[in-house]
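[1] pasting a predicted model and its sequence here:
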Amino acid sequence: MKILYTMLVSILPIWSLACDCFGPKSFCEVINLDEEKKLTIIKAKKISESNYNMNVKVLEVLQGEESRSELTIIGDSGADCLVNISIFDNGEELILAISKNDGSSIRGDYFLSHCGLTYVRCKDLINPFTGEVEDISACLGTICNCSENNPTSFSIYPNPSDGILRISMDESEITHTTKLKIYSITGQLIQAYSATDLVFSDNILELNISNLPAGIYLIEHDIGINCQGSRLSKVIIT
């Protein structure tokens, strides 16, 4: 018993140090932290999981040279400092910053590090560390949309704008659950509109937000069908 206790005392500090990691709490900070490593950035859909691993369908390669349509990503087994992939639902779309699994005995192509924000959920874009909207367009030049599952056309112009926005979307696809929300860049909800608030003319919705101070805002558009999530567009008010 004494020997077992000694072994546990000597091993436990190693375990605690291995996962005692406080990395960057922003997705953009994570993917720009080490330019030499060049993390592979993908938009992917979770297909299944087994033995702490997650199988994903690659929807788009945003950074890197991966050409396969499906990948296996290693998750947390309880002893590794990795993201527990069971937090993701099957069919969920994600933006993932994945690292190559070089030399590990664990089966899998890549892994998601626990040290920092290495994933963003397409359905809400909320940063799990801060609770704020995670704006990835600043570092990826794209926004996390459910484009593959949602054929709805949606565009906002002019952008930048003086506050009078024109939103092009198919009026025929508007449902009673359709919502439009405006957030500050820090994730604070500023204005919300339900389906009954939206008045169209030739599939164009005119939105007047000239009362807002100049700055960057996020407009969330959720039509309530097809893709179980929403679209976010960044607009600049001058």
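    That came through, no problem.
[2] okay, now the domains of the chain?
    Domains of the chain are assigned by automatic domain parsing as 21-140, 154-237.
[3] weakest of those domains by average pLDDT?
    Mean pLDDT per stretch puts domain 154-237 lowest among the domains of the chain, at a mean of 77.
[4] neighbours of residue 102, how many?
    Per other C-beta atoms under 10 Å, the neighbour tally for residue 102 reads 5. All C-beta atoms are positioned from the backbone trio N, CA, C, and that covers glycine.
[5] that one: what secondary structure?
    The assignment at residue 102 comes out as coil when based on DSSP: H, G, I helix; E, B strand; the rest coil.
[6] how much space between it and residue 114?
    Distance of residue 102 to residue 114, given as C-beta to C-beta, to the nearest Å: 18 Å.
[7] likewise for residue 61?
    Relative to residue 114, residue 61 is positioned 23 Å away (C-beta to C-beta).
[8] what do you get for residue 232?
    For residue 232 relative to residue 114 (C-beta to C-beta), the value is 26 Å.
[9] excluding its backbone neighbours, what's nearest the most centrally placed residue in the chain?
    Using C-alpha atoms, centre = their mean, the residue of the chain that lies closest to the mean C-alpha position is residue 120, 2.3 Å off. Distances taken as C-beta to C-beta, 6 or more residues apart in numbering place residue 95 nearest to residue 120, at 4.4 Å, with adjacent residues excluded.
[10] swap in residue 112?
    residue 83 (4.0 Å).
[11] likewise residue 133?
    residue 187 is the one closest to residue 133 (C-beta to C-beta, 6+ apart), at 3.8 Å.
[12] likewise residue 111?
    residue 74 (4.1 Å).
[13] dig out what the one you found forms beta bridges with.
    Beta-bridge pairing of residue 74 under DSSP bridges involves residue 53, residue 111.
[14] isn't it right up against residue 51?
    No - counting by C-beta atoms under 8 Å, residue 51 is not a contact partner of residue 74; they are 9.5 Å apart.
[15] out of those two, which sits in the busier spot?
    Between residue 74 and residue 51, counted using other C-beta under 10 Å, the more crowded position is residue 74 (24 against 10).
[16] ok, the more buried one to residue 214 distance?
    With C-beta to C-beta as the criterion, residue 74 and residue 214 are 45 Å apart.
[17] residues touching residue 207, list them.
    Counting by C-beta atoms under 8 Å, 6 or more residues apart in numbering, residue 207 touches 164, 165, 166, 167, 180.
[18] make a markdown table from those and add secondary structure and distance to residue 218 to it.
    What follows is the contacts of residue 207, written out as a markdown table (DSSP: H, G, I helix; E, B strand; the rest coil; distance: C-beta to C-beta, whole Å):
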| residue | secondary structure | distance to residue 218 |
| --- | --- | --- |
| 164 | strand | 18 |
| 165 | strand | 13 |
| 166 | strand | 17 |
| 167 | strand | 14 |
| 180 | strand | 11 |
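[19] now list the buried members of these.
    165, 167, 180 (16 or more other C-beta atoms under 10 Å).
[20] all strands for the protein, in order.
    40-50, 53-63, 70-74, 93-100, 110-111, 119-121, 154-157, 164-169, 179-184, 189-194, 200-201, 204-208, 215-222, 231-237 (DSSP state E).
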